[in-house]
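1. after the sequence you'll find the predicted model.
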Amino acid sequence: MDYNDFTRVVDEKERGLEMQVAFPALMRKVYGWMALALVITGLTSYMVASSPGLMQMIFANRLVFWGMVIAEFAIVFVISGRINRLSLVSATTWFVVYSVLNGALLSFIFMVYTQTAITEVFFITAGTFGAMALIGSTTKRDLTKLGGILFMALIGLIIASVVNFFVQSNTLDLIVSYVGVLIFVGLTAWDAQQIKRMLAMAPDAGEGAQKIALLGALNLYLDFINLFLYLLRIFGGRDD
């Protein structure tokens, strides 16, 4: 073995060791960022719901309400589409801002459901999400094809939701809710597997890999929130 071959072998071994150390650290960051975002959203939602003035400003003023909704879509687009151009600090800041905006908009659930129902459904969601994330992270089965099917089903779900906005059918609303749960249960497992695959290829825990982890945290956060809302529509009225 000449010097160049020896150097290459040493470098490969060093990269292998760096990946072994980086991967678990990056995975912790994914779920840490996601948990932080959920805490921010929950606290913001509760604080806004406790302020009649803020509730009036958001939900009685269409300009403010739709401005916040559009801002949410814009932030998701910026983080998802331009993650490579953003610095880690900027991407993290936008993620936090999104969590706050989402919390403010989700404050309406305190007007519709009891705190007991919200708490119960939150723990149901956490258990379901945790189980599916574990399955997605540990299964050896390739879920790539499942992801394509789920995204097509998600488009159908959005269309059905828009139709029901005008039809106002309780039956259709219940069907949409159950289908929504199934879709986001599947997406949770799919996203967990995709995140694991991408981070497993990261050579280190540098900024590039951390931005991938942040984007993964955003995807899982969205899965959790949507799963929570659909479960709340199914079980939230039990204490009424």
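-> Yep, that arrived.
2. so which helix or strand of the protein has the lowest pLDDT on average?
-> Least confident helix or strand, the chain: helix 3-49 with a mean of 73, by mean pLDDT, DSSP states H and E.
3. and the next element down the chain from it?
-> Once helix 3-49 ends, the next helix or strand along the chain (criterion: DSSP states H and E) is helix 52-59.
4. mind checking the pLDDT average for that following helix?
-> Mean pLDDT, helix 52-59: 94.
5. beyond that helix, next helix or strand please.
-> Sequence-wise, the next helix or strand downstream of helix 52-59 (DSSP H and E) is helix 62-81.
6. what helices and strands are in contact with that following helix?
-> Identification of packing neighbours for helix 62-81 by 3 or more CB pairs under 8 Å, 6 or more residues apart in numbering; DSSP states H and E yields helix 52-59, helix 88-105, helix 207-235. Where C-beta positions appear, they are placed from N, C-alpha and C, glycine not excepted.
7. repeat that with 6 Å
-> For helix 62-81, the elements it packs on are helix 52-59, helix 88-105, judged by 3 or more CB pairs under 6 Å, 6 or more residues apart in numbering; DSSP states H and E.
8. return the most buried member of these.
-> Compared across those, helix 88-105 shows the largest average neighbour count, a mean of 19 (mean count of other CB atoms under 10 Å).
9. continuing past that one, what's the next helix or strand?
-> With elements assigned by DSSP H and E, the helix or strand that comes after helix 88-105 is helix 109-112.
10. off-centre distance for that following helix?
-> Centre-to-centre, helix 109-112 and its host chain are 22 Å apart (CA atoms, centre = their mean, to the nearest Å).
11. which outside residues touch that helix?
-> Residues outside helix 109-112 that contact it (CB atoms under 6 Å, 6 or more residues apart in numbering): Ala49.
12. do stretch 229-237 as well
-> With contacts defined as CB under 6 Å, 6+ apart, stretch 229-237 is touched by Tyr113, Ala117, Val121, Ile124, Thr125, Ser177, Gly180, Val181.
13. give me the secondary structure label for the last one.
-> Using DSSP: H, G, I helix; E, B strand; the rest coil, the secondary structure recorded for Val181 is helix.
14. go on, the fourth one?
-> Secondary structure of Ile124, reduced to three states by three-state DSSP: helix.
15. how close does the residue lying closest to it once chain neighbours are set aside get to Leu86?
-> Nearest non-adjacent residue to Ile124, counting by CB to CB, 6 or more residues apart in numbering: Leu231, 5.9 Å away. Using CB to CB, to the nearest Å, we find Leu231 at a distance of 32 Å from Leu86.
16. out of those two, which sits in the more crowded spot?
-> Shown here are Leu231 and Leu86; by other CB atoms under 10 Å, Leu231 has more neighbours (22 against 17).
17. and the more buried one, how far is that from Ser87?
-> 36 Å.
18. didn't Asn164 look like it was pressed against Leu172?
-> Yes. In this structure, Asn164 is within contact of Leu172 by CB atoms under 6 Å, at 4.7 Å.
19. and the residue lying closest to Thr92 once chain neighbours are set aside, how many neighbours?
-> Leaving aside its chain neighbours, Thr92 sits nearest to Leu214 (6.3 Å; criterion: CB to CB, 6+ apart). Using other CB under 10 Å, Leu214 has 22 neighbouring residues.
20. could you do the one 3 residues further on as well?
-> Burial of Ala217 is recorded as 22 neighbouring residues (other CB under 10 Å).
21. can you check Val78 too?
-> For Val78, using other CB under 10 Å, the count is 16.
22. good, we can wrap up now.
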